[in-house]
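**Q** Got a sequence here, can you build the structure:
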Amino acid sequence: MLLNFWATWCEPCVVELPSLLELHREQPDLAVLAVSIDEDPDAYSRFLLRRHVDLITVRDPAQSAAKLYHTEQWPETYVIDRKGIIRRKFIGAQDWSTPEIRAYLKSL
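**A** Got it, this is the predicted structure:
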């Protein structure tokens, strides 16, 4: 599972999004949960529609979940294995299409 913290106003998050969506489409068995810290529900909804975001995403303007994970930069993504153990933390925008990341995710 990937737990991704992001925001519509975060430029690195926007840069990362296409490869995250591609990963989600190519590996549907890999759960991806994207937690937005956006405060404006309308901006959040418009962003999802404009960018054709088809993965599971929730809005957490109070950053409750981010605080639980001690997330302070966006985007941040946690790789969580089937037992619920955090295996890796990615800070900053990633290219989720790289062979190294794909191989790592398949090895879990």
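
**Q** Now do the nearest residue to W74 once chain neighbours are set aside, the pLDDT please.
**A** Once flanking residues are discounted, W74 sits nearest to C10: 4.5 Å by Cβ to Cβ, 6 or more residues apart in numbering. The C-beta positions use only the backbone N, C-alpha and C, and glycine is treated the same way. For C10, the pLDDT comes out at 98.

**Q** In this structure C10 contacts E76, no?
**A** No - under the criterion of Cβ atoms under 8 Å, C10 makes no contact with E76, lying 10.5 Å away.

**Q** Could you find the closest non-adjacent residue to T57?
**A** A34 is the one closest to T57 (Cβ to Cβ, 6+ apart), at 4.1 Å.

**Q** Provide a list of residues in contact with the one you found.
**A** Residues near A34 by Cβ atoms under 8 Å, 6 or more residues apart in numbering: N4, F5, W6, L20, V53, L55, I56, T57, V58.

**Q** pLDDT score for the nearest residue to E76 once chain neighbours are set aside?
**A** Spatial nearest neighbour of E76, excluding adjacent residues (Cβ to Cβ, 6+ apart): F5 at 4.9 Å. Here, the pLDDT recorded for F5 equals 98.

**Q** Alright, that wraps it up for me.
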